[in-house]
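Engineer: Mind looking at a prediction? Sequence and model below.
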Protein chains: 2
Amino acid sequence: MPWLESVAVTVRVPAGSVFDPEGKEGRADFTGELMLRGAGTRDSRALVRELGLYGIHYAAGVGTYFAKFLFSTVSSQIGKGLEIFADIVRRPQLPASHVESVRQGMLQELRGAEDDPGLRLVRELRRAFYPHPWGRPTTGEVESVLRLTLEDIREHYQRYYQPDGTIIAVAGRFDWGELVELVGEHFGDWVGEKPPAIQATPTEVRYRHFPHNSQQVQIGVAFSGPAYAEEDFFPAWAAVAVLGYGSSSRLFQELRERRGLCYGVGASYHSGRDRGGIFCYASTSADRAQETLRVLLGEIRRLEEGIREEELEPVKAGVKSALIMSQESSAARAAVIARDWSLLGRVRPIEEIREAIDSLSADKINAYLQAHPPDGFVVVTVGPRELEVGGEL
Amino acid sequence: MPWLESVAVTVRVPAGSVFDPEGKEGRADFTGELMLRGAGTRDSRALVRELGLYGIHYAAGVGTYFAKFLFSTVSSQIGKGLEIFADIVRRPQLPASHVESVRQGMLQELRGAEDDPGLRLVRELRRAFYPHPWGRPTTGEVESVLRLTLEDIREHYQRYYQPDGTIIAVAGRFDWGELVELVGEHFGDWVGEKPPAIQATPTEVRYRHFPHNSQQVQIGVAFSGPAYAEEDFFPAWAAVAVLGYGSSSRLFQELRERRGLCYGVGASYHSGRDRGGIFCYASTSADRAQETLRVLLGEIRRLEEGIREEELEPVKAGVKSALIMSQESSAARAAVIARDWSLLGRVRPIEEIREAIDSLSADKINAYLQAHPPDGFVVVTVGPRELEVGGEL
């Protein structure tokens, strides 16, 4: 993207929370946080100071499979950024003196998430839907975070931070030859082996309710769809977009605008490695919750009857315009490159996505929906009282 | 920004919540929401469909002073976008059939905000700090929203939607001559007069506590600073950045990293028309809340003793790098243009901001801080129990 002045770099290491042992949930997250408290010869304060001095904007976040370290800066500073991030990823100090402050921070985040019914719903719907341990919250639980020791953290770091499966994605203004040289210099002599694959156990949950002393009821419904790499992905994704993306979607129009049942409503498609997950949300008042669940499930099921070409057109136009605009941000482009590489083993050119979108038709989508009607729903609610779900499923 | 393919447009009309009459709080917000439910010859569904078909990404939001309507799209669709947005702003249908669904949505948003202690804090700290009615929440209150009628909405629309004081800001790829013609075509014959200025009454609040059945305590401290147009703005802003922007800031380092008192902590500078407001936040557990407030106020007061040149350097580097990167997004640039125009009556060139930042020094900032030590604090807490604040202020 030579028309930009910035460059964005994402480093993904397969060291996420899925590798947390039972009873030590939160270990990967704790490790990622402690890695930012000093690296190479810099202590915590020197590290943030140096990042600041070079105008490097950065973030770290531990996901389910990958630990992610990202930065963006003006393109002349890419070498400095890679040097510092190689220290963070390869030579973190993991200082004992910061363990308690990281722990307190994690505990407070966990307690804050418990206070927020919307966050609780997202957390519990993922846990109920994905096979264990893929649905576990990356942040762990209060009890497990209290239990973690510096030795646990060092063990996680030693075992999981290695180059096999690590992805470095770069977008923006840079010189390819210079980049290859810099990455070689900072990461070329890194060795180690990827840990064995995780054994997953499907959950058996149909409905789970979490009592919360709130005025609103949060309702979540999840079901499966094809993975990003599968051929059916685009038709399935487009059906979900018609169902619940934005204000022209069926859920928005039917639940919010026509019936006034809820304020926040929508659907999202999480395109995973082995399968996709479709997550539908509605947040409503207690007296409307049962009716909202009924209409929400009804709209999801109605997909089987098919969508109309005229519902598809704005979805296609919207995603093509979003594609063009996402091209304009180096950070967004770097994130897409890293995701493609991890899910497909290659980077899908924009042109290929555009063609896949252009070739979508209502007929194609409806053939998919008839063969794969939405089914196997998992329902989670957070609010003052349980709903009647048995009859709805 | 001819290197982009997108264009972003912001329309700001001085029709915000500050104009809501007593007892009818939320009227401006209600109006803005209803304006999106049909405009010109399009009913609600046709409107969202047409926006979708042209790949127009849009949002509307009613702020304290301005009602804002924004869209971005590929640059070839700018004419279509301006045509639709002129209909929304000048010829909304304000349909009776959508009044109840808008009301239900607003009520649910209000109840959701009450469930969220962090949102409650922001809302109540603004209300406690700004002179009335500038600190009122734009969303109104449950009782006032229940009371609003279609007649109220029409009255607000008729009186406040007019061109005097309206700002249209455009950034991205476009042709200036063509833009002027398009804006002339769609907005040129619009007439009307700006309403009289609002009389404001200072609040007398020092401390206010809001009981909330949560595990976390939210603490907010606000105090005044210079307005964006004032000469002292940049030194005051830089001092606040040293205090609480990001992870190298004093608040982050002292409260989170060194003492582990809280997870979320920071400060922000709201650069208003007549004065600036500095808002400091910390979210912590109940048993640490009193100590967190003490340390937080201590760090704010310690600004009077001055900052060091080495604390300033990363702030300067960070904002310069952020300036360059913000240049790369048409939507971000359009928002800055609109803000500059409303607060300064002109657009501040990036070069001028860069010079103002370059000319900052610790001496200059410390001279400002000695002459204007942080004072007149307003404290708000949300959580299970009140804090001892008298002795701290």
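Structural biologist: It's in.

Engineer: So residue A:135, which state does it fall into?
Structural biologist: coil (DSSP: H, G, I helix; E, B strand; the rest coil).

Engineer: and it, how far is that from chain B?
Structural biologist: Distance, residue A:135 to chain B, by CB to the nearest CB, to the nearest Å: 23 Å. (Glycine included, C-beta is placed from N, CA and C.)

Engineer: got a list of what that residue touches?
Structural biologist: Applying CB atoms under 8 Å, 6 or more residues apart in numbering or on different chains to residue A:135 gives the contacts A:126-129, A:203.

Engineer: now with 10 Å?
Structural biologist: A:18, A:64, A:123-129, A:200, A:203, A:205, A:222, A:277, A:378 (CB atoms under 10 Å, 6 or more residues apart in numbering or on different chains).

Engineer: Strands of chain A, start to end?
Structural biologist: A:6-13, A:38-39, A:42-43, A:57-62, A:67-74, A:167-172, A:207-211, A:216-225, A:264-271, A:276-285, A:378-383 (DSSP state E).

Engineer: Including mean neighbour count, distance to residue A:93 and mean pLDDT, could these go into TSV?
Structural biologist: Converted to TSV, the strands of chain A look like this (neighbours: other CB atoms under 10 Å in any protein chain shown; distance: least, CB to CB, whole Å; pLDDT from 0 to 100):
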stretch	mean neighbour count	distance to residue A:93	mean pLDDT
strand A:6-13	25	17	96
strand A:38-39	23	4	97
strand A:42-43	17	7	96
strand A:57-62	18	15	93
strand A:67-74	24	15	95
strand A:167-172	22	22	97
strand A:207-211	16	39	96
strand A:216-225	25	40	96
strand A:264-271	20	35	93
strand A:276-285	24	37	95
strand A:378-383	26	39	97
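
Engineer: Residue A:19 is in contact with residue A:159, correct?
Structural biologist: Yes: contact criterion CB atoms under 10 Å: residue A:159 and residue A:19 qualify, at 8.0 Å.

Engineer: what do the two both touch?
Structural biologist: With CB under 10 Å, 6+ apart, residue A:159 and residue A:19 have common neighbours residue A:195.

Engineer: neighbour count winner among those two?
Structural biologist: Shown here are residue A:159 and residue A:19; by other CB atoms under 10 Å in any protein chain shown, residue A:19 has more neighbours (19 against 13).

Engineer: got a list of what that one touches?
Structural biologist: Applying CB under 10 Å, 6+ apart, we find residue A:19 in contact with A:27-28, A:64-65, A:67, A:133, A:156, A:159-160, A:195, A:198.

Engineer: Please pick the buried ones from those.
Structural biologist: Buried members of the contacts of residue A:19, scored by 16 or more other CB atoms under 10 Å in any protein chain shown, are A:27-28, A:64-65, A:67, A:133, A:156, A:160.

Engineer: Would you check which pair of those residues lies furthest apart?
Structural biologist: A:67 and A:133 (15.6 Å; CB to CB).

Engineer: Now for residue A:57: which residues touch it?
Structural biologist: Applying CB under 10 Å, 6+ apart, the residues near residue A:57 are A:6, A:8, A:51, A:70-73, A:81, A:331, B:246, B:318, B:321-322, B:325.

Engineer: quick one: which of those is nearest residue B:85?
Structural biologist: Within these, proximity to residue B:85 (CB to CB) peaks at residue B:325, which comes in at 27.4 Å.

Engineer: Low-confidence ranges, chain A, go.
Structural biologist: By pLDDT under 70, chain A has no low-scoring segment.

Engineer: Go ahead and flag the most central residue of it.
Structural biologist: Most central in chain A under CA atoms, centre = their mean is residue A:63, positioned 6.9 Å from the mean C-alpha point.

Engineer: Once you drop chain neighbours, what's closest to that one?
Structural biologist: residue A:16 (5.1 Å; CB to CB, 6 or more residues apart in numbering or on different chains).

Engineer: and that neighbour, how many neighbours?
Structural biologist: Residue A:16: 22 neighbours (other CB under 10 Å).

Engineer: Can you give me the distance of it to residue B:329?
Structural biologist: As for residue A:16, its distance to residue B:329 is 30 Å (criterion: CB to CB, to the nearest Å).

Engineer: cool, residue A:346 as well?
Structural biologist: Between residue A:346 and residue B:329 the distance is 28 Å, computed by CB to CB.

Engineer: Neighbour count: those two, which is higher?
Structural biologist: More crowded of residue A:346 and residue B:329, by other CB under 10 Å: residue B:329, with 21 against 8.

Engineer: And the more buried one, how close does it get to chain A?
Structural biologist: Residue B:329 is 7 Å from chain A, where distance means CB to the nearest CB.

Engineer: from what I can see that residue touches residue A:326, true?
Structural biologist: No: taking contacts as CB under 10 Å, residue B:329 lies outside contact range of residue A:326: 11.2 Å.

Engineer: residues shared between the contacts of those two?
Structural biologist: Contacts common to residue B:329 and residue A:326, judged by CB under 10 Å, 6+ apart, are residue B:6.

Engineer: ok so, going back, export the buried ones among the contacts of residue A:19 to TSV and tack on distance to residue B:361?
Structural biologist: Supplementary listing: those in TSV, determined by distance: CB to CB, whole Å:
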residue	distance to residue B:361
A:27	45
A:28	43
A:64	47
A:65	47
A:67	40
A:133	53
A:156	45
A:160	46
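
Engineer: Do a quick rundown of the helices in the stretch 201-350 of chain A.
Structural biologist: Remark: helices assigned in the stretch 201-350 of chain A by DSSP state H, counting those that start in this stretch are A:233-244, A:250-251, A:289-302, A:309-326, A:330-344, A:350-358.

Engineer: Tell me which of those helices sits most buried.
Structural biologist: Mean neighbour count (mean count of other CB atoms under 10 Å in any protein chain shown) peaks for helix A:233-244 among the helices of the stretch 201-350 of chain A, with a mean of 24.
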